[in-house]
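Trainee: structure, please.
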Amino acid sequence: MMKKFIQKLFLRFFGFKVLPPEKKSILNDKDVPRDGRCDNPVELSKDLFRQLLKLKGKYLDDSGKVKYTSARKDPAFSQFEVDVALLQFIDLRVLDEMERRAFFINIYNSLTLHAMILSVKDNTPNLFRLDNFWENHAYRIANFVFSLNDIEHGVLRSNKVNPMFLEPSFREGDSRLEFSQKMLDPRIHFALNCGAKSCPPILLFSSENLDMALELASQNFCQGATEVDSERKIITLSKLLKWYKSDFGNNNLEVIRWITPYLTEEQKRSILACGDCFKVKYAPYDWSIH
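Mentor: Next up, the predicted model:
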């Protein structure tokens with residue numbers, strides 16, 4: 001009861017709320033003709049993501065910040081907004097489980113960048129200043145509407161409850177449940193970039209490279225976000241592993257065991273030196289715009 005009460009206060013403070021599909025801001029509702037690219041949804045998702053990565057790189061300044069307001073005015077972004085409307089014509093049912101996972105990872109990262117280009121101003125400090133960012137922004141994919149939260153939690157996390165919310169993205173009877181992953185792969189947490197500085201770096205995914213790319217993403221993130229003080233027996237982890245602990249294990253020891261194969265040899269030795277009596281701390285998460 002106390003946990004639910006605290007969650008309600010958190011949601012009210014930040015203005016988070018679950019929105020029905022008709023209330024979401026659909027970013028790709030342009031009226032465009034169908035073309036042959038719709039026949040291969042994964043390749044289309046890769047092409048869309050490449051367009052945005054190129055645009056982001058074009059407006060990356062020397063301090064590492066992206067000038068999203070300038071990217072918004074670029075003709076290449078206008079072309080992207082035409083191309084992304086093709087998602088309305090694809091058939092999700094032609095994809096197998098691996099293809100669907102690759103597709104939705106690419107689309108999540110594209111939708112994040114798309115929403116940031118449209119929403120972020122030069123003085124926006126972090127994503128919490130944008131109204132209900134992850135729940136509000138959505139794409140129409142086939143005949144369905146998927147927000148960022150829907151993709152992450154409803155599809156890729158097998159419809160497990162978002163830790164920030166009180167209920168799953170897809171309720172019983174929701175036709176989008178058909179596209180939820182049958183098994184949750186915890187590595188997807190290191191493939192999704194929500195737009196904040198502490199988020200994992202962005203990679204491009206296909207069904208052919210999916211397992212290898214998820215392994216690489218997990219290795220890069222776990223190594224960079226894990227600090228071990230073997231003398232004080234303190235292991236510091238990313239808060240991603242706190243928020244989604246149940247995806248990795250039932251307790252801190254199981255989480256440590258899960259990430260250990262992805263760590264450097266030095267990090268592994270330091271963890272072994274801590275023995276079974278160690279303390280786990282979680283580093284602050286930097287939500288500033290990135």
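Trainee: cross-check the contact I'm expecting between Gln267 and Val228.
Mentor: Yes. Gln267 is within contact range of Val228, at 5.8 Å (criterion: CB atoms under 8 Å). Quick note: C-beta positions are derived from backbone N, CA and C, even for glycine.
Trainee: which of these two has more residues huddled nearby?
Mentor: Using other CB atoms under 10 Å, the more surrounded residue of Gln267 and Val228 is Val228, with 23 against 18.
Trainee: the more buried one belongs to a strand?
Mentor: Yes. Counting by DSSP: H, G, I helix; E, B strand; the rest coil, Val228 is part of a strand.
Trainee: what's the pLDDT at the residue nearest the centre of the chain?
Mentor: Among the residues of the chain, the one closest to the centroid is Leu192, at 3.0 Å (CA atoms, centre = their mean). Note on Leu192: pLDDT of 94.
Trainee: where does it fall, helix, sheet strand or coil?
Mentor: coil.
Trainee: mind checking how far the residue lying farthest from the centre of the chain is from Phe278?
Mentor: Going by CA atoms, centre = their mean, the residue of the chain most distant from its centre is Glu231, 34.9 Å out. Computed with CB to CB, to the nearest Å, the distance linking Glu231 and Phe278 is 11 Å.
Trainee: identify the contacts common to those two.
Mentor: Common neighbours of Glu231 and Phe278 are not found (criterion: CB atoms under 8 Å, 6 or more residues apart in numbering).
Trainee: please enumerate the helices of the stretch 51-200 of the chain.
Mentor: For the stretch 51-200 of the chain, the helices defined by DSSP state H, counting those that start in this stretch cover 68-71, 75-83, 97-119, 133-136, 148-149.
Trainee: among these, which is nearest Gly224?
Mentor: Gly224 lies closest to helix 97-119 among the helices of the stretch 51-200 of the chain, at 18.3 Å (CB to CB).
Trainee: still on that earlier bit, can I get the helices of the stretch 51-200 of the chain in a markdown table including mean neighbour count and mean pLDDT?
Mentor: Converted to a markdown table, the helices of the stretch 51-200 of the chain look like this (neighbours: other CB atoms under 10 Å; pLDDT from 0 to 100):
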| stretch | mean neighbour count | mean pLDDT |
| --- | --- | --- |
| helix 68-71 | 18 | 94 |
| helix 75-83 | 14 | 98 |
| helix 97-119 | 23 | 96 |
| helix 133-136 | 22 | 90 |
| helix 148-149 | 24 | 96 |
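Trainee: of all the ones you listed, which lies closest to Cys274?
Mentor: Comparing the helices of the stretch 51-200 of the chain by CB to CB, helix 97-119 comes nearest, at 33.3 Å.
Trainee: shaky segments in the stretch 1-150 of the chain?
Mentor: Low-confidence segments of the stretch 1-150 of the chain (pLDDT under 70): 1-22.
Trainee: now Ala225: how far from Cys274?
Mentor: Ala225 is 17 Å from Cys274, by CB to CB.
Trainee: check Thr260 too.
Mentor: From Thr260 across to Cys274, the span is 11 Å (CB to CB).
Trainee: likewise Tyr139?
Mentor: The gap separating Tyr139 from Cys274 is 44 Å, by CB to CB.
Trainee: picking up where we left off before, helix, strand, or coil at the residue farthest from the centre of the chain?
Mentor: Assignment for Glu231 (three-state DSSP): coil.
Trainee: hang on, the earlier thing: make TSV out of the helices of the stretch 51-200 of the chain and add distance to Tyr282.
Mentor: Converted to TSV, the helices of the stretch 51-200 of the chain look like this (distance: least, CB to CB, whole Å):
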stretch	distance to Tyr282
helix 68-71	29
helix 75-83	36
helix 97-119	23
helix 133-136	20
helix 148-149	22
